[in-house]
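Trainee: Compute the structure for the input listed below.
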Amino acid sequence: MAVIATAGHVDHGKSALVRAMTGIEPDRYEEERRRGLTLDLGFGHAVASDGTILDIVDVPGHADYLKTMIAGMSHASIALLVVDAVEGSREQTREHLSVIEATRPLAGVVALTRVDLVDPERRQLVVTEVNDLLAASTLTWSDPIATSAVTGEGVTALIEELAVAVRSVDQQQSVLCQQDVRLFIDRAFSITGAGTVVTGTLASGRISTGQQLVVGSAQHAVTVRGVQRHGSGCEHVDAVSRTAINLSGLHASDVQRGDVLVASGRWAHTTVVDVELRLFDGANVRNGKGFSAHIGSARRDVSLRPVGGSQYETRNWYRMRFIEPLPLRPGDRLVLRDQGSGEVVGVGVVNDVAPIASPSESTPDGSVEQQLVYHGWVTVDDAHRLTGLNLEPVVDRWVAAEAVVGSTLSGLRERLSNGPFDIAECSDVERGLLASIDEVVIEHGVARPTVRCPRRVSTSCCHVR
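Mentor: Numbers count the residues shown, from 1 in each chain. Here you go, the predicted structure:
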């Protein structure tokens, strides 16, 4: 499954193009239709000739609604960049392109709109301009497709090009449906006889009727009463896709845009993370204040503080703090905006969702070892929340960084060298390790070495199941 999100300057015809492709009016509010200006996220879907379904999110182009645009683009699989053939690329074209670079969808498709109003020479000039604009992009973009929502020119060709991108992306992100559920909510409302309904882009996992989930920073327990895609009920929905979820156990007034629906007990709900900042050219974070971070439909005011000491300055490691918790994983990308200028200045890639070390000692390189080393022995469930991975236990149900395992074994060897001792004095982890060490005998609750000091057992702790 894949979700397509539009991008582009205000009045460049994004909504008209979605309307022409889908037959659905993406501007849901009367004020939007009256003003001819998209103010909120809109949605539509189309079916290509081979049956490929296109899930499309239409975003506002006006500069005042950039945070709404980010909410639509975040977790989109494909970016549909729309450029008016009359005006060419403009300020919000470039601004939206910076959001695309930060959120990193897997593919990009370009549509030129209103080509019925320009001659062939102008068309080619804008194509050249757009190609130059995208030359430094990290995404692979299609050749610009000439379209007109008025005459219908190029609309079918655009649908087919998007279908090609969807099929390619589906292969790349097929594993996402096997991961833990996370859906950032962009709408919540009540339906008579049904109750609370939330909509959003399911970024990972599968949601099924009858499933137990939690929502919001309070982790309110809910049950899935029903699942819909494109207005039709279904038993389940897989990532990545647009969906509407009917929930019981929650009133619509208790949930809002930016809340998150997740699998219970599988996510770290955190207010502090260590990130690697990847800033755009010319951007800086000054004193670390006056920024907001965006992921999915969620937005948080954040403070930033360098970590790692002077020897790691070039790594751009920072500790990011905010008030309302978010369910995050290592590898998540937080779009960073300067609240003063309103500009997107870069992205913070999460490397540690529960940092414990002091800022001067933290080295958030994103490795599993680094994420676990300060936490001591943790259960496999806690390790999953910290790393997002299913790690093999070192002993029983416990996981630890290699350095922690080595330290625990050294302590046991030291005790054994001083003679037998009662294992009732040991922790569950220590008793498990003692039982795994050759040349140690445990009789009647007492551990003692046989002939030689116990050899070191394997300290590997980072095998993924």
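Trainee: Which helix runs longest in the chain?
Mentor: Secondary structure of the chain read by DSSP state H shows that its longest helix is helix 155-172.
Trainee: What segments of the stretch 201-350 of the chain are helices?
Mentor: Counting by DSSP state H, counting those that start in this stretch, one finds no helices in the stretch 201-350 of the chain.
Trainee: if we can go back for a sec, who does the next helix or strand after the longest helix of the chain touch, helix- and strand-wise?
Mentor: Remark: after helix 155-172, the chain's next helix or strand is strand 182-191, criterion DSSP states H and E. The contact analysis (3 or more Cβ pairs under 8 Å, 6 or more residues apart in numbering; DSSP states H and E) places strand 182-191 against helix 66-73, strand 195-204, strand 241-248, strand 260-263. Placement of C-beta: from N, CA and C, glycine included.
Trainee: Turn these into CSV, including distance to Val285.
Mentor: Formatted as CSV, the helices and strands packed on strand 182-191 follow (distance: least, Cβ to Cβ, whole Å):
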stretch, distance to Val285
helix 66-73, 18
strand 195-204, 27
strand 241-248, 34
strand 260-263, 26
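Trainee: Just send these back as TSV, with mean neighbour count and mean pLDDT too.
Mentor: As requested, the helices and strands packed on strand 182-191 are arranged in TSV below (neighbours: other Cβ atoms under 10 Å; pLDDT from 0 to 100):
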stretch	mean neighbour count	mean pLDDT
helix 66-73	24	93
strand 195-204	22	94
strand 241-248	20	95
strand 260-263	24	97
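Trainee: can you tell which of these is closest to Val345?
Mentor: Of all the helices and strands packed on strand 182-191, helix 66-73 sits nearest to Val345, with 12.3 Å by Cβ to Cβ.
Trainee: Just the CA atoms of that closest one, as CSV, please.
Mentor: C-alpha atoms of helix 66-73 as CSV (Å, rounded to 0.1, in the frame of the first residue of the first chain):
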residue,chain,number,x,y,z
LEU,A,66,2.8,24.9,6.2
LYS,A,67,2.2,22.8,9.4
THR,A,68,-0.9,21.3,7.8
MET,A,69,1.1,20.5,4.7
ILE,A,70,3.7,18.7,6.8
ALA,A,71,1.0,16.7,8.4
GLY,A,72,-0.2,15.6,5.0
MET,A,73,3.2,14.8,3.6
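Trainee: Which residues does that helix contact?
Mentor: By Cβ atoms under 8 Å, 6 or more residues apart in numbering, the surrounding residues in contact with helix 66-73 are 5-7, 39-41, 57-61, 79, 95-96, 99-100, 103, 105, 184, 186, 257, 292, 294, 296-297, 299, 335, 337, 342, 344.
Trainee: what do you get if the cut-off is 7 Å, keeping everything else the same?
Mentor: Contacts to helix 66-73, defined as Cβ atoms under 7 Å, 6 or more residues apart in numbering, come from residues 5, 7, 40-41, 57, 59-60, 79, 95-96, 99-100, 103, 186, 294, 296-297, 299, 335, 342.
Trainee: same thing with stretch 249-268?
Mentor: 180-190, 196, 198, 205, 212-216, 220-223, 245, 297-299, 326-328, 353-354, 381, 384-386.
Trainee: let's go with 6 Å and repeat that
Mentor: Stretch 249-268 is contacted from outside by 180-186, 188-190, 196, 213-216, 220, 222-223, 297-298, 327, 353-354, 385, using Cβ atoms under 6 Å, 6 or more residues apart in numbering.
Trainee: buried sites along that stretch?
Mentor: 249-250, 252, 255, 257-263, 266-268 (16 or more other Cβ atoms under 10 Å).
Trainee: Just name the closest of those to Pro420, please.
Mentor: Of those, the one sitting nearest to Pro420 (Cβ to Cβ) turns out to be Ala268, at 41.2 Å.
Trainee: Tell me how far the closest one lies from Leu326.
Mentor: Distance, Ala268 to Leu326, by Cβ to Cβ, to the nearest Å: 9 Å.
Trainee: Check His294 too.
Mentor: 11 Å.
Trainee: cool, Ala194 as well?
Mentor: 28 Å.
Trainee: thinking again about what came up before, now, of the contacts of stretch 249-268, which are buried?
Mentor: 180-186, 188, 196, 213-216, 220, 222, 297-298, 327, 353-354, 385.
Trainee: how near is the spatially most central residue of the chain to Ala79?
Mentor: Nearest to the geometric centre of the chain sits Asp332, at 4.8 Å (Cα atoms, centre = their mean). Taking Cβ to Cβ as the measure, Asp332 falls 19 Å from Ala79.
Trainee: ok, now His12?
Mentor: With Cβ to Cβ as the criterion, His12 and Ala79 are 14 Å apart.
Trainee: Now do stretch 201-219: distance to the chain's middle.
Mentor: Mean C-alpha position of stretch 201-219 versus that of the full chain (Cα atoms, centre = their mean, to the nearest Å) differs by 14 Å.
Trainee: What of stretch 401-419?
Mentor: Per Cα atoms, centre = their mean, the centroid offset for stretch 401-419 relative to its chain is 39 Å.
Trainee: again with stretch 123-142
Mentor: 27 Å.
Trainee: so Ala163 sits right up against Ala46, yeah?
Mentor: No - counting by Cβ atoms under 6 Å, Ala46 is not a contact partner of Ala163; they are 8.9 Å apart.
Trainee: Identify the bridge partners of the residue lying closest to Met1 once chain neighbours are set aside.
Mentor: Excluding the flanking residues, the one nearest Met1 by Cβ to Cβ, 6 or more residues apart in numbering is Ser241, at 4.1 Å. For Ser241, the beta-bridge partners are Leu202 (DSSP bridges).
Trainee: how about Gln124, secondary structure?
Mentor: helix (DSSP: H, G, I helix; E, B strand; the rest coil).
Trainee: Next one: it from Thr140, what distance?
Mentor: 22 Å.
Trainee: Also Ala79?
Mentor: Separation of Ala79 from Thr140 (Cβ to Cβ): 11 Å.
Trainee: Looking at the two, which one has more neighbours?
Mentor: Using other Cβ atoms under 10 Å as the criterion, Ala79 and Thr140 rank with Ala79 on top: 29 against 11.
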